[in-house]
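# compute the structure for the input listed below.
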Amino acid sequence: MPFLCKPSSHCKIRIEGRNQRENSAHPPCSLTMSEEAVSAEDQDRINTFNKANIHNNELLAKIEAKKKSLQDLEDASEEAMITMEADALMLRVGECFIRLPEDAISEHIECEKGRLSAELEHLRAESDRLREQMDQLKATLYARFGQQINLEP
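Numbering: from 1, shown residues only. Predicted coordinates for the structure are as follows:
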């Protein structure tokens, strides 16, 4: 079925055969769709793909934030190693700074790096799981609709 274009506010999109055009000054668009209807199951697949894509994008943003935090800890660890003054090291906790010995700060940094690395691995695994789910849905939907649907994230 060809669709009619909407080039101005007084022209509405109409499907040929169901309604007549309100404004004959605009030629119909060349976009056509097959006669196949979208089943409820197909719509559920499309919705599931969309939700997975949104969730994956959120995970990717969290992964980038964790990577930055991990890099910041690496930098802090290097700075702690090259600091000459033993009492110059302070640990930031919330909005306050606490003076601690170098060993305690190094231990805290290593503990935080381990925690962030574990969180990063968990986020990556979840993202990989979502990508697999999206790839399966994409294959199913492209097999059903071909080029009529665009599922590129």
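# mind checking pLDDT for Ala65?
pLDDT, Ala65: 97.
# likewise the one 3 residues further on?
At Lys68 the predicted local distance difference test score is 97.
# three-state assignment of Phe97?
strand (DSSP: H, G, I helix; E, B strand; the rest coil).
# need the contact list for it.
Residues near Phe97 by Cβ atoms under 8 Å, 6 or more residues apart in numbering: 90-91. Using the backbone N, CA and C atoms, a C-beta is placed for each residue, glycine as well.
# return the distance of the most centrally placed residue in the chain relative to Ser69.
Of all residues in the chain, the one closest to the mean position by Cα atoms, centre = their mean is Asn57, 0.6 Å from it. For Asn57, the distance to Ser69 (Cβ to Cβ, to the nearest Å) stands at 19 Å.
# with Glu110 instead?
Distance, Glu110 to Ser69, by Cβ to Cβ: 14 Å.
# of the two, who's got more company?
Ser69 (16 against 12; other Cβ atoms under 10 Å).
# please report how far that one lies from Leu151.
Here the criterion is Cβ to Cβ. By it, Ser69 lies 32 Å from Leu151.
# domain-wise, how is the protein divided?
1-33, 40-146 (automatic domain parsing).
# low-confidence ranges, the protein, go.
Residue ranges of the chain with pLDDT under 70: 1-36, 84, 86, 153.
# please enumerate the helices of it.
For the chain, the helices defined by DSSP state H cover 40-82, 102-145.
# and the longest one, what does it pack onto?
Just to be clear, that refers to helix 102-145. helix 40-82, strand 90-93 (3 or more Cβ pairs under 8 Å, 6 or more residues apart in numbering; DSSP states H and E).
# distance from it to the middle of the chain?
Chain-centre distance of helix 102-145: 12 Å, with Cα atoms, centre = their mean, to the nearest Å.
# tell me the angle that helix makes with helix 40-82.
160 degrees (axes from the mean of the first three to the mean of the last three Cα atoms, to 10 degrees).
# residue contacts, Asn150?
Residues counted as contacts of Asn150 (Cβ under 8 Å, 6+ apart): none.
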